[in-house]
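Visitor: Got a sequence here, can you build the structure:
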Amino acid sequence: MGKKRFLEFKQNNPNLSNTVLSDTLKSMEKNELIEKRVSEQSTEYYLTKRGLRLNRILYELAAFGLDELECGEDGDLEIINMFKDYYANLLGISD
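Guide: Numbers count the residues shown, from 1 in each chain. Model prediction:
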């Protein structure tokens with residue numbers, strides 16, 4: 001589930017400099033949002049419990065914003081639900 005390695009993050013965001021990505025990961029680690037696990041083969045990053053909780057909060061804020069939109073088209077509700085399902089799956093959020 002999700003990206004775990006520096007190179008995967010870089011491939012997903014090719015315009016992001018290595019320095020910015022590295023600084024971001026270090027900051028997230030310092031704030032206990034991610035944990036860095038180093039082995040002989042690779043270095044991987046994992047969300048901590050705190051990071052997972054933050055994911056949930058960000059998802060709920062986005063979902064709240066979508067729910068509060070005044071939708072003019074019948075198809076908007078379907079798009080909103082697709083968005084919420086996609087991000088819930090991406091972030092590993094279940095009810």
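
Visitor: Next, count neighbours for the spatially closest residue to residue 12 that is not a sequence neighbour.
Guide: Leaving aside its sequence neighbours, residue 12 sits nearest to residue 3 (CB to CB, 6 or more residues apart in numbering; 6.1 Å). Where C-beta positions appear, they are placed from N, C-alpha and C, glycine not excepted. Around residue 3 there are 14 other residues, counting by other CB atoms under 10 Å.

Visitor: so residue 3 touches residue 21, yeah?
Guide: No. Using CB atoms under 8 Å, residue 3 is not in contact with residue 21, being 11.1 Å away.

Visitor: So for the lowest-mean-pLDDT helix or strand in the chain, what gets flagged as buried?
Guide: Least confident helix or strand of the chain, by mean pLDDT, DSSP states H and E, is helix 74-90 with a mean of 78. Residues 80, 84, 87-88 are the ones in helix 74-90 that count as buried (16 or more other CB atoms under 10 Å).

Visitor: Run through the neighbouring helices and strands of it.
Guide: Applying 3 or more CB pairs under 8 Å, 6 or more residues apart in numbering; DSSP states H and E, we find helix 74-90 packed against helix 49-68.
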